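Novice: got a predicted model here, sequence first, then my questions.
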Amino acid sequence: MTAFAPADRADARRPSSPELPGRALARLVRDAAVETLWPTRCAVCDAPGQVLCDQCARALPAIDWWAACPRCGAPWGRLQCCECNPVTLGASGRTTLPLAQAASAVALDEAARAVVVTYKDRGERRLADVMAGRMAACVPPAWLDEAQAVTFVPASAAACRRRGFDHGALLAEGVAQRLGLPCARLLSRPRSADQRGLTRAARGANMAGSLSALPKAVEGPVIVTDDVCTTGATLCAAADALIAAGAPRVYALTFARA
Ligand SMILES: [Zn+2]
Ligand SMILES: [Zn+2]
């Protein structure tokens, strides 16, 4: 039994149509002109050449899965987690986490924040590939044994208009491609719920019920992705909606973790 509509899988694996030679040449000329006028620079140190230079990529504070909390993904929470204990969960109005497990590629330090801001707010879409690569590399093998698809927290309509793209969708596509899973749009955001500047409790209340699952068959475990996990409120709201729609387990994967 397939857990997702066949169209989703077909879309995810259909090869893109070959580019016409004229168009390919025009794209090369345009890219060369853009590169001359606005040279590619590292999102962190501003060195020319790459969207994230090798040195800055190596310096990003990678989260060690073996030291992190296996449940919520908090760095150093393996033995005793200060993020998903009953007191912390109670502050956000929960008794248990709806996520089966969560993992993040890096801790959100100044450099990781620069990567996220350059990607999302300065429109450097090429960083999606770099970020998705780091995310896919930290997926525990056990998730892959059962996950049926990768999905994502959709950006609000206002954010999509402001940025010109859905940053979450682009990241999820990169992750799905690397994991060999279909990328399925399973969530919608009926009302805008900007989380910036809110406290932990306010984030929980703001996100509660703000995401809903699209009317598709969600029968298998899924991996939900997002760029940053701050308090986990958004990922928990996504998990609530997916579980209500039939997902037996939801794993959460982000690029950075605050
Ligand atoms: Zn750099
Ligand atoms: Zn935890």
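Specialist: Looks like it arrived, so ask away. All figures in this text were calculated on a predicted structure; none of them were measured in a lab. Ligands and ions are numbered 1, 2, ... in the order given.
Novice: my guess is residue 258 meets residue 230, correct?
Specialist: Yes. Between residue 258 and residue 230 there is a contact at 4.5 Å, judged by Cβ atoms under 8 Å. Quick note: C-beta positions are derived from backbone N, CA and C, even for glycine.
Novice: the two: which is more packed in?
Specialist: The neighbour count for residue 258 versus residue 230, taken as other Cβ atoms under 10 Å, is higher for residue 230 (18 against 15).
Novice: name the residues of the protein found near ligand 1, please.
Specialist: 42, 44, 45, 47, 53, 56 (Cβ under 5 Å from the ion).
Novice: wait, what's in contact with the residue nearest the centre of the chain?
Specialist: Nearest to the mean C-alpha position of the chain, by Cα atoms, centre = their mean, lies residue 226 at 2.5 Å. Residue 226 sits next to 152, 153, 168, 171, 234, 235, 238, 252, 253, 254 when contact means Cβ atoms under 8 Å, 6 or more residues apart in numbering.
Novice: so which of these comes closest to ligand 2?
Specialist: residue 252 (11.7 Å; Cβ to the ion).
Novice: so that closest one, which of the three states?
Specialist: Classification of residue 252 by DSSP: H, G, I helix; E, B strand; the rest coil places it in strand.
Novice: what does the pLDDT read for it?
Specialist: pLDDT, residue 252: 97.
Novice: and what of residue 15?
Specialist: 45.
Novice: pipe the contacts of residue 226 into JSON lines and attach distance to ligand 2 and neighbour count per row.
Specialist: Putting these into JSON lines (distance: Cβ to the ion, whole Å; neighbours: other Cβ atoms under 10 Å) gives the following:
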{"residue": "152", "distance to ligand 2": "22", "neighbour count": "27"}
{"residue": "153", "distance to ligand 2": "20", "neighbour count": "25"}
{"residue": "168", "distance to ligand 2": "23", "neighbour count": "24"}
{"residue": "171", "distance to ligand 2": "23", "neighbour count": "28"}
{"residue": "234", "distance to ligand 2": "16", "neighbour count": "26"}
{"residue": "235", "distance to ligand 2": "13", "neighbour count": "28"}
{"residue": "238", "distance to ligand 2": "17", "neighbour count": "30"}
{"residue": "252", "distance to ligand 2": "12", "neighbour count": "27"}
{"residue": "253", "distance to ligand 2": "15", "neighbour count": "30"}
{"residue": "254", "distance to ligand 2": "14", "neighbour count": "29"}
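Novice: for residue 33, state which of those residues is nearest.
Specialist: Nearest to residue 33 among the contacts of residue 226 is residue 171, at 27.8 Å by Cβ to Cβ.
Novice: contacts for the one helix or strand the closest one maps to?
Specialist: Using DSSP states H and E, residue 171 maps to helix 167-179. Helix 167-179 is contacted from outside by 12, 119-120, 125, 128-129, 131-133, 135-136, 139, 144, 147, 149-155, 159, 182-183, 185, 223, 225-227, 253, 255, using Cβ under 8 Å, 6+ apart.
Novice: show only the entries of the residues you listed found in helices.
Specialist: Of the contacts of helix 167-179, the ones assigned to helices by DSSP state H are 12, 119, 120, 128, 129, 131, 132, 133, 135, 136, 144, 159.
Novice: run through the bridge partners of the nearest residue to residue 190 once chain neighbours are set aside.
Specialist: Take residue 190 and drop its neighbours on the chain: the residue closest to it by Cβ to Cβ, 6 or more residues apart in numbering is residue 212, 6.0 Å away. Beta-bridge pairing of residue 212 under DSSP bridges involves residue 188.
Novice: thought residue 212 was touching residue 186?
Specialist: No. Counting by Cβ under 8 Å, residue 212 sits too far from residue 186 to count as a contact (9.9 Å).
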